[in-house]
Structure formats: C-alpha cells, structure tokens
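> Would you be able to build a 3D model of this:
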Amino acid sequence: MKQIHETWPKDVRIVLHNRPLDFHDRALPAAKAAMAASQQGKFWEYHDLLFEQKKFADADLLGYAKQLGLDVLRWKQDKDSKKTADLIAKQDQACVKIGASGTPAFFVNGRSLSGAKPFEDFKPLIEEELKKAQDELAKGVDRKRIYQHMLEIGAKAAPGGGEEKALDRSVARRIDTKGAPSMGPENAVAKLVIFSDFQ
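Numbers count the residues shown, from 1 in each chain. Got it, this is the predicted structure:
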C-alpha cells in the first residue's frame with residue numbers, strides 16, 4: 001500500500017475496512033486495538049506494527065500502544081467501546097454484502113482485485129480508473145463527487161444495470177467508507193478500499 005500511496009499521493013485515497021475472520025481468534029482484538037489507535041490519529045502506524053511484528057496477545061497490543069505514545073487509558077476505553085465494535089461489525093458486513101469472503105480483498109473505485117497481490121497487479125487497474133476519472137473530470141464532473149460518479153458509471157456496467165454478488169472486476173460495488181481509516185486526499189479521483197484481517 002505504501003508504494004501505491006507514494007506513486008499516486010494526490011490521486012488515490014486508500015481506505016481500510018476491518019474483516020476479522022472468525023477462525024482467527026486474535027483478529028478481532030487486533031482490529032479493535034488498531035481502531036482505538038485510529039481515534040488518536042495513529043491507525044496506520046499501529047497497522048504497520050501489527051503486520052511487522054505478527055504478535056497479537058493482549059500484552060503485545062498494549063505494548064504497541066505504548067510504543068506509539070498513545071494515551072493508554074483512552075486507547076483501552078476506545079478499544080473496548082461499543083462504538084468501535086459496531087464500526088468493525090459494519091465494515092465486516094459491508095464485505096459480506098458485496099460478496100468478498102476472504103482477505104485481503106481490494107476494490108479500486110469499486111472494482112474487485114482479490115487476494116494478496118504485488119504492486120504490478122494494482123498498477124494497470126488503478127491507471128485505468130485514473131484515466132476514466134480524468135476523462136469524466138474533463139467533461140465537467142465536480143472533483144468532490146468524482147468517486148461517487150465513478151461508482152455510478154461502474155454499477156451501470158453490471159449485467160442488468162445493477163450490482164451483483166459475483167466478484168466481476170468490470171462491476172463497481174458501492175462501499176460505505178465513512179469512519180474507516182484512510183490515507184490520501186479526500187478529493188482523490190480513485191479510491192482503493194481494502195478489506196483486511198490482521199492475523
């Protein structure tokens with residue numbers, strides 16, 4: 001994700017949705033811990049520690065919070081809050097709704113790219129979406145609405161003009177990204193949504 005952000009810092013917004021899989025017993029605690037770090041503006045740093053260290057015991061999760069200089073009392077309260085649990089559940093349900101069962105699952109302007117992939121697999125899809133978005137901007141579409149506009153165009157490409165469960169890359173799926181950790185500009189012309197499990 002770092003390479004994508006560095007390659008298109010002004011044009012691509014990266015958004016992460018938690019998808020803690022049931023058979024990973026520490027995935028949900030890790031997601032809650034990362035979302036609590038997000039409340040203090042340290043989601044991506046916490047995210048990176050989880051993937052680098054690959055240790056998910058309660059003591060490890062607390063250690064990462066301390067390492068990042070978080071207000072630990074606030075972090076614990078946020079981690080254990082109903083608000084955090086509800087947001088993670090909402091993100092998880094969004095993944096199920098669009099038919100992506102595994103992790104990681106990626107959606108570039110709503111178009112699917114499934115499984116762990118190298119940068120080279122993302123590049124053509126992102127470049128295609130950026131070109132389409134730039135063409136729409138040239139036609140007068142407001143940059144503040146471009147992501148929504150691209151989803152509307154993509155949804156029309158589906159058989160029957162609507163969305164479908166099968167992960168057909170040509171079909172754009174609507175994903176609510178409100179409250180999800182993100183990096184990149186709000187008015188990016190492309191949005192990469194990741195459904196991820198930390199464990």
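
> any idea of the mean pLDDT in stretch 38-49?
Across stretch 38-49, the average pLDDT comes to 96.

> and that stretch, which residues are buried?
When burial is assessed from 16 or more other C-beta atoms under 10 Å, stretch 38-49 yields the following buried residues: 38, 39, 40, 42, 43, 44, 45, 46, 47, 49. In this view, the C-beta of every residue, glycine as well, is placed from N, C-alpha and C.

> burial measure for the nearest residue to the fourth one once chain neighbours are set aside, as a count.
Leaving out its chain neighbours, the residue that sits closest to residue 42 by C-beta to C-beta, 6 or more residues apart in numbering is residue 68, at 5.0 Å. Other residues near residue 68 come to 15 when the count uses other C-beta atoms under 10 Å.

> the helices in the chain, which residues?
Counting by DSSP state H, the segments of the chain that form helices are 2-7, 27-38, 43-53, 58-67, 72-79, 82-97, 119-138, 146-156.

> of those, which approaches residue 197 most closely?
helix 27-38 (4.9 Å; C-beta to C-beta).

> Determine the set of other helices and strands touching the closest one.
The contact analysis (3 or more C-beta pairs under 8 Å, 6 or more residues apart in numbering; DSSP states H and E) places helix 27-38 against strand 12-18, helix 43-53, helix 58-67, helix 72-79, helix 82-97.

> from memory residue 3 sits against residue 121, does it?
No - taking C-beta atoms under 8 Å as the definition, residue 3 is not a contact partner of residue 121, at 11.8 Å.

> I'd like the helices of the chain laid out as CSV, including distance to residue 105.
CSV is the format used below for those (distance: least, C-beta to C-beta, whole Å):
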stretch, distance to residue 105
helix 2-7, 15
helix 27-38, 14
helix 43-53, 16
helix 58-67, 24
helix 72-79, 24
helix 82-97, 6
helix 119-138, 13
helix 146-156, 16
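
> Highest mean neighbour count out of those?
helix 27-38 (a mean of 24; mean count of other C-beta atoms under 10 Å).

> quick one, it and helix 58-67 angle?
Orientation check (axes from the mean of the first three to the mean of the last three C-alpha atoms, to 10 degrees): helix 27-38 against helix 58-67 gives 10 degrees.

> just to revisit the earlier point, is the residue nearest to residue 42 in contact with residue 41, as I believe?
No - shown here, residue 68 and residue 41 do not form a contact pair, counting by C-beta under 8 Å, at 10.0 Å.

> now the residue of the chain most remote from its centre: how far from residue 18?
The outermost residue of the chain relative to its centre, with distances by C-alpha atoms, centre = their mean, is residue 139 at 28.6 Å. Residue 139 sits 36 Å away from residue 18, taking C-beta to C-beta, to the nearest Å as the criterion.
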